[in-house]
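Chemist: my questions are about this predicted structure, shown below with the sequence.
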Amino acid sequence: MKKLFLIILTVALSVSFFSCGDKKDYNVKNIDGYIVEESKVPTNYVRIVMKSGDAMLVELYPDEAPITVANFKSLVAEKYYDGITFHRIVPNFVVQGGDPNGDGVSNGDKPNIKGEFRYNGVNNTIKHERGVLSMARLENDYNSASTQFFIVHKTSENNTLALDGQYAAFGKLLAGYGTLDKIAATDIEKDGKPKMAEVRFVNIVSTPDEK
């Protein structure tokens, strides 16, 4: 009986050891030379860390899209995006996430917001170039954005024609473009949908130029 107990204890400790060893640290402090620290209060800088441990650093633009930024900040504050996937990937165009069900048709129980873009009477001058964050919406409803957002993968003429002035851009990546490229290269059917592990407010401690 004692021998059996020792065997069980050894197995349990082994499982615990390997589980701890496999756990990723999502408190990424260095993103392409930007040194950041997590903030307990909302800021205009957001760190998106994927389940893989790869990270992106976003700067928000409240002067261009105050309603959109306030909505995004409220979702980040409640850790809404933790565990949610990028469910739509179109290489060289956009990667889209923020749907709690991961199917692209839901915003959970969150309300819609006004679309802050030119076609909806708002002077938002942000161009949909590589790294820009913008809100997804229903094609025929300018005020249907809620939780889903997309990140522009590549700058192209198609972005200007299809997105500029028609979708509410509200931020841009400062760092983590390699992570964006990895997401855009994902084969969802083969590899599954890339998942966000943690989305948090951060302060920038130093930039690559300051080193």
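Modeler: Alright, I've got the coordinates.
Chemist: residue 86 pairs with what?
Modeler: Note on residue 86: beta-bridge partners by DSSP bridges are residue 97.
Chemist: go ahead and confirm it touches residue 192.
Modeler: No - counting by CB atoms under 8 Å, residue 86 does not reach residue 192; the two are 10.6 Å apart. In this view, the C-beta of every residue, glycine as well, is placed from N, C-alpha and C.
Chemist: between the two, what contacts are shared?
Modeler: residue 186 (CB atoms under 8 Å, 6 or more residues apart in numbering).
Chemist: now do the longest strand seen in the chain: which elements does it pack against?
Modeler: Taking DSSP state E as the criterion, the chain has its longest strand at strand 196-206. Helices and strands touching strand 196-206, by 3 or more CB pairs under 8 Å, 6 or more residues apart in numbering; DSSP states H and E, are strand 34-38, strand 45-50, helix 66-77.
Chemist: the same query, at a cut-off of 6 Å, please.
Modeler: strand 34-38, strand 45-50 (3 or more CB pairs under 6 Å, 6 or more residues apart in numbering; DSSP states H and E).
Chemist: of the ones you listed, which is nearest residue 149?
Modeler: Closest to residue 149 of these is strand 45-50 (CB to CB; 10.4 Å).
Chemist: what packs against the closest one?
Modeler: strand 55-60, strand 196-206.
Chemist: hey, which of the ones you listed is tucked in deepest?
Modeler: strand 55-60 (a mean of 22; mean count of other CB atoms under 10 Å).
Chemist: sorry, back to before: so of the helices and strands packed on strand 196-206, which one's packed in deepest?
Modeler: Most buried among the helices and strands packed on strand 196-206, counting by mean count of other CB under 10 Å: strand 45-50, with a mean of 23.
Chemist: just how off-centre is that one within its chain?
Modeler: Here the centre of strand 45-50 is set off from its chain's centre by 6 Å, with CA atoms, centre = their mean, to the nearest Å.
Chemist: count the residues that sit near the closest residue to residue 175 other than its chain neighbours.
Modeler: Leaving aside its chain neighbours, residue 175 sits nearest to residue 32 (3.8 Å; criterion: CB to CB, 6 or more residues apart in numbering). Residues near residue 32, counting by other CB atoms under 10 Å, number 16.
Chemist: roughly how far does residue 32 sit from residue 174?
Modeler: 8 Å (CB to CB, to the nearest Å).
Chemist: please apply the same query to residue 166.
Modeler: For residue 166 relative to residue 174 (CB to CB), the value is 25 Å.
Chemist: does residue 172 count as helix, strand or coil?
Modeler: strand (DSSP: H, G, I helix; E, B strand; the rest coil).
Chemist: I appreciate the help and will end here.
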